[in-house]
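>>> below is the sequence, then the predicted model.
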Amino acid sequence: MWPFRSQDQLKQTVLQLISHNLSSNDILNELSCIKKDETFDSSLIAPLGFSYAAHVTKVTSQQQFGCQAADRYIEKIVQLVNKETPETEKELVNTVSLVHQLILNGYLTESGFHDNLCRHMDLPLSLLWILHKEGVVAIETHFCKMMNRQGFGDEFCRKVVQACIKNDTTNVVIATEVVIGILSECVELGYAEEASLQSPARDLAASILQSVVLGLVDEAMKSPKHSAGSVVLFDQSKVGPAALKKASSSLIVAILSHKPVHKVSQAIRDQHNWAYGQMPAALIHLYKQVIYS
């Protein structure tokens, strides 16, 4: 005989059993350990898990539980970022996807989570890209929040340029999804023509893009023996053609006027010494991308 008079009675009984055996931290940890893959959709189980955890915690509002859950997941994110292994990267994506579910279900706001996370750590590029891809904190939000912080733009550019340089004995310039993704976003944010797409961080994004490209030009000139395998700047499938064309025109002007070492008369006199084949391969690759975009 069915011992429960209603579904609500059953739910309350289940919640009581859970509260006797699990803390809210236990539930949050269990959720973040579930692997995110093609067979699992965190949006199906996460809201139920959050509801159980909130019940166990006995909080008075969704926002109060959201703050507690965010603190727990931020602690875990910091730990995973500090480990930086292929295994922890998957767990990091799982954890960030749960934060996304907290936002979607009204427990958190994107802005509030960003501010809380930035109080605990300076966001590495790889984490910023995961946050952006998972819909937790957009790169635009990060730029808007940080644009008035002194030195942010310069430090961000330095990190992007360093991420492009493989620091090993071969000193090979490499391209990563993170760098391509971030620079592509800078094109869209900095050069979108439609008024509806123009961002408060427009000037910062354009400045970061230009500074990164000029930084890579400097690196190629300092180390002319770079290998031919070099940085891919943009994902053209994710950048509007108008924004890309405008960005490319701006970059060509910036490159041509960057650190001139010859007067016009000297440039005309010595131009026969500037052979295409003598240019560093990485520099040729950068120029081709900008010119052909």
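Great, that's in hand.
>>> and the chain, split by domain according to the record?
As given by automatic domain parsing, the domain ranges for the chain are 13-135, 150-260+274-293.
>>> now render those domains as CSV, adding mean neighbour count.
C-beta: built from backbone N, CA, C; applies to glycine. Output for the domains of the chain, formatted as CSV (neighbours: other CB atoms under 10 Å):
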stretch, mean neighbour count
domain 13-135, 16
domain 150-260+274-293, 17
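>>> now do the strand or helix carrying residue 68: which elements does it pack against?
In this assignment (DSSP states H and E), residue 68 forms part of helix 62-83. Other elements packing on helix 62-83 under the criterion 3 or more CB pairs under 8 Å, 6 or more residues apart in numbering; DSSP states H and E are helix 24-33, helix 42-57, helix 86-104, helix 110-120, helix 125-133.
>>> re the thing from before, and the domains of the chain, which one is worst for confidence?
With a mean of 77, domain 13-135 has the lowest mean pLDDT of these.
>>> now the strands for the stretch 101-250 of the chain?
Using DSSP state E, counting those that start in this stretch, the stretch 101-250 of the chain contains no strands.
>>> and the helices in it?
Using DSSP state H, counting those that start in this stretch, the helices of the stretch 101-250 of the chain run over 110-120, 125-133, 139-146, 152-164, 177-191, 202-222, 241-256.
>>> counting contacts, what elements does the third one pack onto?
In this case it means helix 139-146. Packing partners of helix 139-146 (3+ CB pairs under 8 Å, 6+ apart): helix 110-120, helix 125-133, helix 177-191, helix 202-222.
>>> redo that, cut-off 6 Å
For helix 139-146, the elements it packs on are helix 110-120, judged by 3 or more CB pairs under 6 Å, 6 or more residues apart in numbering; DSSP states H and E.
>>> tilt between the helix it packs on and helix 139-146?
Computed with axes from the mean of the first three to the mean of the last three CA atoms, to 10 degrees, the direction of helix 110-120 lies at 60 degrees from that of helix 139-146.
>>> and helix 110-120 with helix 125-133, angle?
170 degrees.
>>> distance to residue 144 added to the domains of the chain, as a markdown table?
Formatted as a markdown table, those follow (distance: least, CB to CB, whole Å):
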| stretch | distance to residue 144 |
| --- | --- |
| domain 13-135 | 9 |
| domain 150-260+274-293 | 5 |
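>>> mind exporting the helix holding residue 68 as PDB, just the C-alpha atoms?
The C-alpha coordinates for helix 62-83 follow below in PDB (Å, rounded to 0.1, in the frame of the first residue of the first chain):
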ATOM      1  CA  GLN A  62      17.200  32.100  -3.100                       C
ATOM      2  CA  GLN A  63      19.800  34.800  -3.100                       C
ATOM      3  CA  GLN A  64      21.100  33.800   0.300                       C
ATOM      4  CA  PHE A  65      21.600  30.200  -0.800                       C
ATOM      5  CA  GLY A  66      23.000  31.500  -4.100                       C
ATOM      6  CA  CYS A  67      25.700  33.400  -2.200                       C
ATOM      7  CA  GLN A  68      26.600  30.400  -0.200                       C
ATOM      8  CA  ALA A  69      26.800  28.100  -3.200                       C
ATOM      9  CA  ALA A  70      28.800  30.700  -5.100                       C
ATOM     10  CA  ASP A  71      31.400  30.900  -2.300                       C
ATOM     11  CA  ARG A  72      31.700  27.100  -2.300                       C
ATOM     12  CA  TYR A  73      32.100  26.900  -6.100                       C
ATOM     13  CA  ILE A  74      34.500  29.900  -6.200                       C
ATOM     14  CA  GLU A  75      36.700  28.000  -3.600                       C
ATOM     15  CA  LYS A  76      36.700  25.000  -5.800                       C
ATOM     16  CA  ILE A  77      37.400  27.000  -9.000                       C
ATOM     17  CA  VAL A  78      40.500  28.600  -7.300                       C
ATOM     18  CA  GLN A  79      41.700  25.200  -6.300                       C
ATOM     19  CA  LEU A  80      41.300  23.700  -9.800                       C
ATOM     20  CA  VAL A  81      42.900  26.700 -11.500                       C
ATOM     21  CA  ASN A  82      45.900  26.400  -9.300                       C
ATOM     22  CA  LYS A  83      46.300  22.700 -10.200                       C
END
